[in-house]
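Novice: Quick one: sequence and predicted model below, then my questions.
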Amino acid sequence: MSNDHIKSEISVYLAGGLTEVRNRQIEAHVASCEKCEHAIAKARTKQARVKREALKKASPDPLPNLFLARQGKEMG
């Protein structure tokens, strides 16, 4: 299995979209192939960076205070 062979599957692998058998095949290959190990590490780093950037850009919606909302309903 070459680096190019698993390259097309790295995203799906990291997202958990492959079968258990295919995951084991990729993990066994990566354990013995430095190029593929590097490719997966690089993809994980990129995935984490994209997630961090998305979280920074997301505007947090304040959670409603259900206790106060309930108190207002009971009092009103």
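Specialist: Yep, it's here. Residues are numbered from 1 along each chain as shown.
Novice: Next one: the residue sitting nearest the centre point of the chain from residue 54, what distance?
Specialist: Residue closest to the mean C-alpha point of the chain, counted by CA atoms, centre = their mean, is residue 15 at 5.8 Å. Distance, residue 15 to residue 54, using CB to CB, to the nearest Å: 15 Å. (Each C-beta comes from the backbone N, C-alpha and C, glycine too.)
Novice: can you check residue 22 too?
Specialist: Noted for residue 22: a distance of 27 Å to residue 54, by CB to CB.
Novice: Mind listing what's buried along the longest helix that the chain contains?
Specialist: Using DSSP state H to define each element, the chain has its longest helix at helix 34-57. By neighbour count on 16 or more other CB atoms under 10 Å, the buried set for helix 34-57 is 36, 39, 40.
Novice: Quick one: mean pLDDT for the helix or strand containing residue 23?
Specialist: Assigned by DSSP states H and E, residue 23 falls within helix 20-32. The average of the pLDDT scores along helix 20-32 is 95.
Novice: what do you get for stretch 39-56?
Specialist: 92.
Novice: Residues contacting it, please?
Specialist: Stretch 39-56 is touched from outside by 3, 6, 7, 10, 11, 13, 14, 30, with contacts defined as CB atoms under 8 Å, 6 or more residues apart in numbering.
Novice: And the furthest pair within these?
Specialist: 3 and 14 (15.6 Å; CB to CB).
Novice: Going through the contacts of stretch 39-56, which ones are buried?
Specialist: Neighbour counting by 16+ other CB under 10 Å classes 3, 6, 10, 13, 30 among the contacts of stretch 39-56 as buried.
Novice: export those residues to TSV and tack on distance to residue 64 and secondary structure?
Specialist: As requested, those are exported to TSV (distance: CB to CB, whole Å; DSSP: H, G, I helix; E, B strand; the rest coil):
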residue	distance to residue 64	secondary structure
3	50	helix
6	46	helix
10	40	helix
13	39	helix
30	45	helix
